[in-house]
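**Student:** coords please:
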Amino acid sequence: MVLDTVARAPTCVAADGGAALALQAGIDLAAVIGDFDSLPGKLRHALPPDRLHHIAEQNSTDFDKALRNISAPLVLAVGFTGARLDHQLAVLYVLTKYPDRPCILIGETELTFLCPRTLNLPTQAEDVVSLFPLGPVQGTSQGLKWPIDGLQFGPLTQIGTSNAALGPIRIEVDAPHMLVMVPRAQLDAVIQALVSAPLSGRWPARAGQYTNPPQS
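**Tutor:** Okay, the predicted model is just below:
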C-alpha cells in the first residue's frame, strides 16, 4: 500500500513515529511533523535537522499537525486506520476540520475523504458507497441505489452508510461535513476528482483554525 501511494505522491511527510515505518519501507522523508512523543530518539538524531518540525502543543493529534502544515494540492494519508478506534475517529474529525485541504485516507479496502461540493466517480454497480455526516448537510445524488435528495443529514439525525452504486455516481452537497467511503479501487478516480475540482467547487478554510506553526 505504501509503495503504491508513493508512486502517486512521491513527496513523503511523516507524522511523528510514522517516520520509522516510512524509513523501514525504504522511503525518503521530506519532513517529519509532530510532537515527537513516538519518534525514537535514535531516529530523530539520524535525520537532518531541517526535516524535523517539532510542534510541542498537545491539543491536537499528529495527523492534525501534519495536515495543517502541508501545502499540497492533495494529501494521501496512509497508516491512519487500524488498531485504535479513538485515533481513527480523531482522523475523521480532522478531515472535516480542514475542508480546504483535500486529503484521502487510504485503508486496506476503502478510501475515506471529505466530499467536495460536487463529486463524480466512475463506480461500478454494487460498489459500496457510504456517506457519513459529521455536521448538518444536505445533497442530491445520481447513480445511487438509495438517492439522498431531500434528506437532512446529521450525525444524530440521518446517516448514509452502506448505500450502493448502480454505476457511475454524482453527489452534490451544500456543506463541508460529509465523509465519503468508496472501494480502494477508486483511488485514481478520487485523486482526479479532488485535484481537478474548480476553485468554485472547493471548500474554503475555516476561520481561525491555523495556529501553532511548525517549530524547527
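**Student:** in the chain, where's the longest strand?
**Tutor:** strand 160-173 (DSSP state E).
**Student:** okay, buried residues for it please.
**Tutor:** Of the residues in strand 160-173, those scored as buried under the neighbour-count criterion (16 or more other Cβ atoms under 10 Å) are 160, 163-165, 169, 171-173. Using the backbone N, CA and C atoms, a C-beta is placed for each residue, glycine as well.
**Student:** can I get those residues in a markdown table including pLDDT and distance to residue 77?
**Tutor:** Supplementary listing: these in a markdown table, determined by pLDDT from 0 to 100; distance: Cβ to Cβ, whole Å:
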| residue | pLDDT | distance to residue 77 |
| --- | --- | --- |
| 160 | 98 | 22 |
| 163 | 98 | 23 |
| 164 | 98 | 25 |
| 165 | 98 | 24 |
| 169 | 98 | 23 |
| 171 | 98 | 21 |
| 172 | 98 | 25 |
| 173 | 98 | 21 |
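**Student:** nearest to residue 63 among these?
**Tutor:** residue 173 (23.1 Å; Cβ to Cβ).
**Student:** not including adjacent chain positions, what is the nearest residue to that closest one?
**Tutor:** Computed as Cβ to Cβ, 6 or more residues apart in numbering, the closest residue to residue 173 that is not its neighbour in sequence is residue 139, at 3.9 Å.
**Student:** isn't the one you found right up against residue 180?
**Tutor:** No - judged on Cβ atoms under 8 Å, residue 139 makes no contact with residue 180 at a distance of 10.6 Å.
**Student:** what strand or helix carries residue 94?
**Tutor:** helix 85-97 (DSSP states H and E).
**Student:** centre of the chain to that helix, how far?
**Tutor:** Distance, stretch centre to chain centre, for helix 85-97: 9 Å (Cα atoms, centre = their mean, to the nearest Å).
**Student:** counting by contacts, list what it packs against.
**Tutor:** When contacts are defined as 3 or more Cβ pairs under 8 Å, 6 or more residues apart in numbering; DSSP states H and E, helix 85-97 packs onto helix 62-68, strand 103-106, strand 110-114, strand 178-183.
**Student:** quick one: average pLDDT of the second one?
**Tutor:** Here strand 103-106 scores 97 as its mean pLDDT.
**Student:** just the last one next, same as before
**Tutor:** Averaging pLDDT along strand 178-183 yields 98.
**Student:** who touches the next helix or strand after it?
**Tutor:** Sequence order places helix 187-195 as the next helix or strand after strand 178-183, per DSSP H and E. Counting contacts by Cβ atoms under 8 Å, 6 or more residues apart in numbering, the residues outside helix 187-195 that touch it are 8, 73-74, 76, 102, 104, 106, 111, 113, 116, 119-122, 182.
**Student:** just the angle between helix 187-195 and strand 160-173, please?
**Tutor:** 40 degrees (axes from the mean of the first three to the mean of the last three Cα atoms, to 10 degrees).
**Student:** can you give the distance of helix 187-195 from its chain's centre?
**Tutor:** For helix 187-195, the distance from its own C-alpha centre to the chain's C-alpha centre is 12 Å (Cα atoms, centre = their mean).
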